[in-house]
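> Structure here, sequence nowhere to be found:
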């Protein structure tokens, strides 16, 4: 593989049915490429968390069809690259960026400890999350998370999260 093969590319609103369809498609594609269970589990877990984050936490811009949720799964020579994007209110950038930066500073043991700490704190948001998704993605993939916030207007930003699952030195 030279530049990377796009396995899944989704643009538009997400429903639980669509998430299920995308997960099934990914599973059959990775099986077709003969990836082992370890790689398939890591990609599946990261994909579930990222798609659920979009579904639960995106802020729809009323009156605009621009900046819809976006998801792609790309197979590269040494990794599987998951990229997901969605619109967010700018007031959410601070806490989200803080969480992402903290997760990126931690090693495997630190992520495990942080995960336990968050569970035991009992701080569950109105949308039912405790912020475990990002921690779980970092734990499972064992890679740093890349992210950007691109201005849409005074009120909204377009958040993009890039997740890498390494194919090297693993039982794939």
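The structure has been received and is ready for your questions. Everything numeric in this text was worked out from a predicted model, so none of it was measured. Residues are numbered from 1 along each chain as shown.
> starting at the chain centroid, how far to stretch 7-27?
Centroid displacement of stretch 7-27 relative to its chain, using C-alpha atoms, centre = their mean, to the nearest Å, is 13 Å.
> where's the closest residue to residue 168 other than its chain neighbours relative to residue 98, distance?
Spatially, and ignoring its direct neighbours in sequence, residue 168 is nearest to residue 78 (5.3 Å; C-beta to C-beta, 6 or more residues apart in numbering). From N, CA and C alone the C-beta is placed, and that goes for glycine too. According to C-beta to C-beta, to the nearest Å, residue 78 and residue 98 sit 30 Å apart.
> Following the chain onward from the longest helix belonging to the chain, which element is next?
The longest helix of the chain (DSSP state H) is helix 37-57. Note on helix 37-57: by DSSP states H and E, the next helix or strand toward the C-terminus is strand 70-75.
> Contacts for the helix or strand following that next one, please.
On the C-terminal side of strand 70-75, the nearest following helix or strand under DSSP H and E is strand 79-89. Applying C-beta atoms under 8 Å, 6 or more residues apart in numbering, the external contacts of strand 79-89 come out as 4, 30, 39, 43, 46-47, 50-51, 53-54, 57-61, 67, 69-75, 96, 149, 152, 155-168.
> which neighbours does strand 79-89 have in its sheet, and in what orientation?
Strand 79-89 has its sheet partners listed here by DSSP bridges as strand 70-75 (antiparallel), strand 156-166 (antiparallel).
> buried residues in it?
For strand 79-89, the neighbour count (16 or more other C-beta atoms under 10 Å) marks 79, 80, 81, 82, 83, 84, 85, 86, 87, 88 as buried.
> cool, and stretch 62-79?
Going by 16+ other C-beta under 10 Å, stretch 62-79 has these buried residues: 67, 68, 69, 70, 71, 72, 73, 74, 75, 79.
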